[in-house]
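Asks: Here is a sequence together with a model predicted from it:
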Amino acid sequence: MPSVSVIVSNFNGARFLPRLLETLIGQRGVTVEIVVVDRCSTDESLKILAAHPAVKVIAEPPETGLVSGYHAGTAAASHELLFFCNEDMWFDPDCLRLLAERIDLTARVCAADPWQWSYDGSEWIHGGTRFFRTGWALNSPHPRYAADFNVPLEAGEPVPFPCAGAVMIHRDVYRELGGWDTAFFLDHEDIDLFIRAWQRGWKAVQVPGAKVFHAVNASSAQTLTRLNVSVGRRRYVSQRANLTAIAMKYFSWRAVALAALVWPAVVLNNLVKFRGSFLCGDWEVLRELWRRWPWLMAFRKANSAYNRLRRGEDFFRIPEHRLTARGR
């Protein structure tokens, strides 16, 4: 029977925890260990978790971000498969089993991506992922390629990257890849991790039958008290900086220059739409990249052999990752 360590990031998610824990404990066909990384919650979260003594609870400040919490949780995980998820979710009883059955290291399949539905199950919000060529994408590391996250792929078909909000990965491969980049507060951390996986010959696959029900963006309105800023504002700066950071880590310098043009395009877009608060965030993006510059250059140097073998920009245009008429 597959064994799975479920690592949950929780930030004031008391209203979601009972159902999340109930559906994780009720998983069929797998041995489940639950690790909850609590982000200094001020609601009833810790009281709810205390009623489940088998659940491992560790603390991590919310300011570090989603995948920093995930990574901290791996230290308490003991099983061969890791399933990372948000707190605002619940799961079909066969979800983890179906994901685990698709991971096959001999076939170089290291990760599995479930389908996600709205919390009430009425709307399909995440299926198969494919890239498609576009004029200019403002929310992609490669501005000539955007992503379609609702492609009806068959079970076992490869995807370029699973969604970081709910993903299963083999523990040994997670370690080989160096884990999540903990400088990513929120957004695009999944692309970052799976460019590394692709460069090393690993792949992820789609599992439509593994169903996750998700109250998307439930934490964005909360406040990071120590920073005196909302999660949404911190997220905006992070996701814009992360796009350029990915290019700097993996792309050829020519492709980095192309990716860098996204920043002025975003600034112009915010000017035209009179979005003053976003313009302030755009300047913070530059400060964030300057702060991360030494580490980004150190990573680029350490990863140079893989970057020469498989340039990061090619991740977005190889046939296996591209949208086709059949995929629609």
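Replies: Yep, it's here.

Asks: Can you pull out the residues in contact with the one helix or strand Thr129 maps to?
Replies: Using DSSP states H and E, Thr129 sits within strand 128-133. Under the criterion Cβ atoms under 8 Å, 6 or more residues apart in numbering, residues 113, 144-153, 157, 159-163, 206, 208, 316-317, 321-324, 327 lie in contact with strand 128-133. (Each C-beta comes from the backbone N, C-alpha and C, glycine too.)

Asks: all helices of the stretch 201-328 of the chain, in order?
Replies: With helices called from DSSP state H, counting those that start in this stretch, the stretch 201-328 of the chain shows them at 231-250, 253-260, 262-272, 276-302, 304-309.

Asks: wait, I meant the stretch 51-200 of the chain
Replies: In the stretch 51-200 of the chain, the segments counted as helices under DSSP H, counting those that start in this stretch are 66-74, 95-102, 171-177, 189-199.

Asks: Now render the ones you listed as JSON lines, adding mean pLDDT, distance to Ala259 and mean neighbour count.
Replies: Compiled in JSON lines, the helices of the stretch 51-200 of the chain are given as follows (pLDDT from 0 to 100; distance: least, Cβ to Cβ, whole Å; neighbours: other Cβ atoms under 10 Å):
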{"stretch": "helix 66-74", "mean pLDDT": "93", "distance to Ala259": "21", "mean neighbour count": "23"}
{"stretch": "helix 95-102", "mean pLDDT": "98", "distance to Ala259": "32", "mean neighbour count": "23"}
{"stretch": "helix 171-177", "mean pLDDT": "98", "distance to Ala259": "22", "mean neighbour count": "17"}
{"stretch": "helix 189-199", "mean pLDDT": "98", "distance to Ala259": "12", "mean neighbour count": "24"}
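
Asks: Looking at these, which is nearest to Leu81?
Replies: helix 95-102 (5.7 Å; Cβ to Cβ).

Asks: returning to what we had before: now do the strand holding Thr129, average pLDDT.
Replies: Computed over strand 128-133, the mean pLDDT rounds to 96.

Asks: Make residue 1 into 749 and carry on from there
Replies: Fine by me, first position is 749 from now on; the one you just mentioned is strand 876-881.

Asks: what comes up buried for it?
Replies: 876-880 (16 or more other Cβ atoms under 10 Å).

Asks: Quick check: the gap between Cys843 and Ser793.
Replies: Relative to Ser793, Cys843 is positioned 23 Å away (Cβ to Cβ, to the nearest Å).

Asks: Backbone torsions only: list them for the residue most central in space within the chain.
Replies: Nearest to the centroid of the C-alpha atoms of the chain, with distances taken as Cα atoms, centre = their mean, sits Ala912, at 2.3 Å. For Ala912, the backbone dihedrals (degrees, to the nearest 10) come out as phi -60, psi -20.

Asks: Go ahead and confirm it touches Leu814.
Replies: Yes - because the distance of 6.9 Å satisfies Cβ atoms under 8 Å, Ala912 is recorded as touching Leu814.

Asks: Need the residues touching each of those two.
Replies: In terms of Cβ under 8 Å, 6+ apart, Ala912 and Leu814 are both contacted by the residues Glu937.

Asks: thought Met996 was touching Trp1043?
Replies: No - taking contacts as Cβ under 8 Å, Met996 lies outside contact range of Trp1043: 10.1 Å.

Asks: of these two, who's got more company?
Replies: Between Met996 and Trp1043, Met996 has the larger neighbour count (other Cβ atoms under 10 Å), namely 21 against 13.

Asks: Ala820: what's it in contact with?
Replies: With Cβ under 8 Å, 6+ apart, Ala820 has these contacts: 785, 806, 808.

Asks: Give the ChimeraX command for selecting the buried subset of those.
Replies: Buried members of those, defined by 16+ other Cβ under 10 Å, are picked up in ChimeraX with:
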select :785,808
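
Asks: Point out the ones among the contacts of Ala820 that are inside strands.
Replies: Secondary structure from DSSP state E places 785, 806 of the contacts of Ala820 in strands.

Asks: Mind listing the strands the strand ranked longest in the chain pairs with, and their directions?
Replies: Among the elements of type strand in the chain, defined by DSSP E, the one spanning the most residues is strand 951-962. Paired with strand 951-962 in the same sheet, following DSSP bridges, are strand 837-839 (antiparallel), strand 857-866 (parallel), strand 906-907 (antiparallel).

Asks: List the buried residues in it.
Replies: 951-956, 958-962.

Asks: For His827, which residues are in contact?
Replies: Under the criterion of Cβ under 8 Å, 6+ apart, the contact list for His827 reads 751-753, 779, 781, 919.

Asks: Now that we're looking at it, what pLDDT does it have?
Replies: Looking at His827, its pLDDT is 97.

Asks: any idea how far it lies from Val778?
Replies: Relative to Val778, His827 is positioned 9 Å away (criterion: Cβ to Cβ).
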